[in-house]
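**Q** have a look; sequence and predicted model below, questions after that.
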Number of protein chains: 2
Amino acid sequence: MSDREVGGAAEAAAAVIPGSRAMLAVIARSLSPLHGQVTVPQFRILVILADSNVALRSGDLAKALDVHPSTLVRMADRLVARGLIRRSENSASRRETLIELEPAGLDVVRTVTRRRQRDLRRILERMTSGERAAFVDAMQSFTRAAAADADADLTSFGL
Amino acid sequence: MSDREVGGAAEAAAAVIPGSRAMLAVIARSLSPLHGQVTVPQFRILVILADSNVALRSGDLAKALDVHPSTLVRMADRLVARGLIRRSENSASRRETLIELEPAGLDVVRTVTRRRQRDLRRILERMTSGERAAFVDAMQSFTRAAAADADADLTSFGL
DNA sequence: CCAAACATGTGTCACAATACAACAATTGAC
DNA sequence: GTCAATTGTTGTATTGTGACACATGTTTGG
């Protein structure tokens, strides 16, 4: 019966909660190099820019982060002051301001990713190679299933 | 050779990064019910209290969150004002203040967990039952391996 | 019993995030 | 070519985090 099917997924979801916490711990830890340099909301700007690989308009960034445009202006001010992003004029439309990553900003993102990868590796080293392979497969099928959900706004949560 | 072993874990770590992001998206989304009610740092206090199931001393909470004791006092003030936690005297030692969850505070934590579980379930429903079972197993072995890391301060990151 | 060590709370400060309203500049539509 | 819509920015205000120094009350060890 369909109850049993749904029950399977529901049970699985419950069983996976501790794992989601363990994963979050890794992610949270990977953010620690930011300490003092960049705040988490600021870092999200850097991640979105790094992912998109092109200059973005201020308003689009605000929409992506779901904040008021004026909020984004102030955050961008701080990131410019720290040399992590740069504003540039859009030749096509002079009322728009484009924002792009400075090399230092990309470094910040890469440092965090590297740290996360390192911490994950340490944990994975503690598994048998069979468990490890199964884990990689499982995470990939999870990623596929999650992507099928296709809430595009969540794609850019790369913390 | 050990190079190959380590390489396996390193490759696996890289392969798993997108999955960690997908998981983070789920977690971040589960936090949305907090909007306007509680901030993320405040929520972490609630989670620690909910996990420990007993009243904790103010200083211990500050240590668990890695913030200055005075910072915790102010955060606790706000949570008390919102009726989510309660301060109580410790009969054993009158200089210590104990902090414990109010029912409303526990509700907040449960709401977030429920939401996360629901979102996970939706994703898991999209997998075959074989994939789902493999995913549960894999997450459990990951949790075990991560716990063996035993950085106690990370245990309480239950966001 | 007294002094040192300890736990919490207050006063004060700095700074980030965030929103709203008002404004300036620019573009596009008719 | 004028006028309305769009885009970014500034002024202003609120709230939360966080730290430090200091005050107050409380144990505890001599």
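**A** The structure has been received and is ready for your questions.
**Q** part of a strand, is A:Glu100?
**A** Yes: using DSSP: H, G, I helix; E, B strand; the rest coil, the assignment for A:Glu100 is a strand.
**Q** which ones are touching it?
**A** A:Glu100 makes contacts with A:49, A:54-56, A:85-86, A:88, as judged by C-beta atoms under 8 Å, 6 or more residues apart in numbering or on different chains. In this view, the C-beta of every residue, glycine as well, is placed from N, C-alpha and C.
**Q** got the residues of chain A near DNA strand D?
**A** For chain A, the contact set with DNA strand D under C-beta under 7 Å from any atom of the strand comprises A:57-60, A:62, A:69-70, A:73-74, A:76-77, A:87, A:95-97.
**Q** do that again at 6 Å, thanks
**A** Contact residues (C-beta under 6 Å from any atom of the strand) of chain A with DNA strand D: A:57-59, A:69-70, A:73, A:87, A:95-97.
**Q** can you say which of the residues you listed are buried?
**A** A:58, A:97 (16 or more other C-beta atoms under 10 Å in any protein chain shown).
**Q** and A:Arg29, how many neighbours?
**A** By the criterion of other C-beta atoms under 10 Å in any protein chain shown, A:Arg29 has 16 neighbours.
**Q** circling back to that earlier point, so of the residues of chain A next to DNA strand D, which ones are in strands?
**A** A:57, A:87, A:97 (DSSP state E).
**Q** can you verify my assumption that the last one contacts A:Leu61?
**A** No: using C-beta atoms under 8 Å, A:Thr97 and A:Leu61 do not qualify as a contacting pair, with a distance of 10.0 Å.
**Q** next SSE downstream of the lengthiest helix in chain A?
**A** Longest helix in chain A by number of residues (criterion: DSSP state H): helix A:2-30. Downstream of helix A:2-30, the next assigned helix or strand under DSSP states H and E is helix A:40-52.
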